[in-house]
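Novice: What shape does this take:
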Amino acid sequence: MKSKFSVATALMLLMATSAMASAFRAGDVVYLPAAGKAAGAAGSFFRTDVWISNLSNANVDVWIAFGARGADNSGSPAAAIKLATPLAPNERREILDIMQLVFGQSDLDPARVGHMIFFSCRVGGNCSDCDTNSTDCLPITVEARIFTTSASGTFGQLIPGIPWYNYVSPDAADRQLHKVFIVGIRQDPVNFRTNIGLVNASQFSSASLSVKLFQSNGTQFGNTFFQTLPPLGTIQPNVGSMFPGFSGTGAWVEIEQAPLTSGSDPGFLAYGSLLDNRSNDPTYLESQYTQQMDFDCVYGAKPERRLVRRQ
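Specialist: Next comes the predicted model:
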């Protein structure tokens with residue numbers, strides 16, 4: 001499919017470890033899997049700061065799309081907002097409270113939580129088909145901090161931006177890169193709670209995901225949790241609602257997407273957020289693959305196409 005700023009199935013995935021993931025985050029389309037502005041528990045009020053890095057020697061326009069949690073967001077890329085000022089060559093730009101500065105959400109407006117997609121293109125360039133003509137589709141990276149203010153200062157969690165080629169997909173099952181796991185799951189009424197974030201990376205297809213919870217000894221707890229997400233849909237349920245009756249530490253979850261019909265575009269992202277029940281301090285839990293990185297992923301086989309287009 002020839003389309004402007006589309007996002008592809010992950011036939012090769014570079015996030016074998018956190019270190020490797022941090023080394024390969026650049027792309028002309030980057031997902032921020034969690035973002036927003038909303039009140040939280042214990043009097044907290046979370047905001048999102050974002051850093052965008054232009055990794056090219058050209059001026060770059062950046063568009064940002066917001067996808068609301070629990071909604072069909074297939075139209076959000078077409079409604080993406082372009083930053084008023086392009087990023088200069090090799091510029092690293094900080095955007096404080098992006099929900100207010102870019103999306104106009106004041107502290108008094110209703111809460112908005114979900115995910116973002118960042119699209120980049122050389123100023124004046126032709127980015128109508130980045131799959132076959134990538135000359136003007138220039139790389140950026142994105143990082144965010146979701147934080148709240150307390151009497152003693154601020155606390156929050158860093159959220160890494162994930163480039164278009166790093167999505168988990170059943171199309172990568174032959175390389176055992178079709179599912180991910182998240183460790184560090186803690187859940188009890190007093191100390192900690194854990195949320196699991198799920199994002200459908202495809203603009204064109206729904207995603208049927210399964211989540212299994214395992215205790216530290218590898219025994220599965222309860223039943224498998226199933227969730228179908230609409231195009232570009234996202235949710236962040238609590239482990240307690242996904243797996244009623246679970247309480248403990250040292251647990252982990254495994255997430256997989258059911259294969260789709262021919263011609264569909266499968267792909268998803270997953271993450272965890274561990275929160276202290278007393279302070280509400282969050283910790284980002286990154287998903288991991290069960291395989292070590294194959295360098296053919298970097299220098300050999302390439303993904304077929306992107307799966308999201310801005311317009």
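Novice: rest of the way, CA atoms for contacts and neighbours
Specialist: Noted.
Novice: Pull the contacting residues for the closest residue to Asp28 other than its chain neighbours.
Specialist: If the residues on either side of it in the chain are set aside, Asp28 comes closest to Pro139, at 4.6 Å by C-alpha to C-alpha, 6 or more residues apart in numbering. Pro139 makes contacts with Ala26, Gly27, Asp28, Val29, Asn54, Leu55, Ser56, Ser120, as judged by C-alpha atoms under 8 Å, 6 or more residues apart in numbering.
Novice: Tell me who's in contact with the first one.
Specialist: If a contact means C-alpha under 8 Å, 6+ apart, then Ala26 has Leu55, Pro139, Ile140, Thr141, Pro163 as its contacts.
Novice: these two touch, right, Phe226 and Leu213?
Specialist: No. Contact criterion C-alpha atoms under 8 Å: Phe226 and Leu213 do not qualify, at 11.8 Å.
Novice: one step back: can you convert the contacts of Pro139 into CSV and add a column each for distance to Gly36, secondary structure and pLDDT?
Specialist: Listed next are the contacts of Pro139 as CSV, based on distance: C-alpha to C-alpha, whole Å; DSSP: H, G, I helix; E, B strand; the rest coil; pLDDT from 0 to 100:
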residue, distance to Gly36, secondary structure, pLDDT
Ala26, 22, coil, 93
Gly27, 22, strand, 93
Asp28, 22, coil, 95
Val29, 19, strand, 95
Asn54, 23, strand, 98
Leu55, 25, coil, 97
Ser56, 28, coil, 96
Ser120, 21, strand, 97
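Novice: out of those residues, which is most surrounded?
Specialist: Val29 (34 neighbours; other C-alpha atoms under 10 Å).
Novice: if we can go back for a sec, higher neighbour count, Phe226 and Leu213?
Specialist: More crowded of Phe226 and Leu213, by other C-alpha under 10 Å: Leu213, with 25 against 14.
Novice: element containing the more buried one?
Specialist: Following DSSP states H and E, one finds Leu213 within strand 207-214.
Novice: List the buried residues of that strand.
Specialist: Ala207, Ser208, Leu209, Ser210, Val211, Lys212, Leu213, Phe214 (16 or more other C-alpha atoms under 10 Å).
Novice: May I have it as PDB, with CA atoms only?
Specialist: What follows is strand 207-214, C-alpha atoms only, in PDB (Å, rounded to 0.1, in the frame of the first residue of the first chain):
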ATOM      1  CA  ALA A 207      -6.200  -6.400  17.300                       C
ATOM      2  CA  SER A 208      -7.200  -9.400  19.500                       C
ATOM      3  CA  LEU A 209      -4.700  -9.700  22.300                       C
ATOM      4  CA  SER A 210      -4.300 -12.300  25.000                       C
ATOM      5  CA  VAL A 211      -2.500 -11.700  28.300                       C
ATOM      6  CA  LYS A 212      -1.400 -14.500  30.700                       C
ATOM      7  CA  LEU A 213      -0.200 -13.900  34.300                       C
ATOM      8  CA  PHE A 214       2.500 -16.100  35.700                       C
END
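Novice: Return the list of strands paired to it, each annotated with direction.
Specialist: With DSSP bridges as the test, strand 207-214 is paired with strand 220-229 (antiparallel), strand 248-257 (antiparallel).
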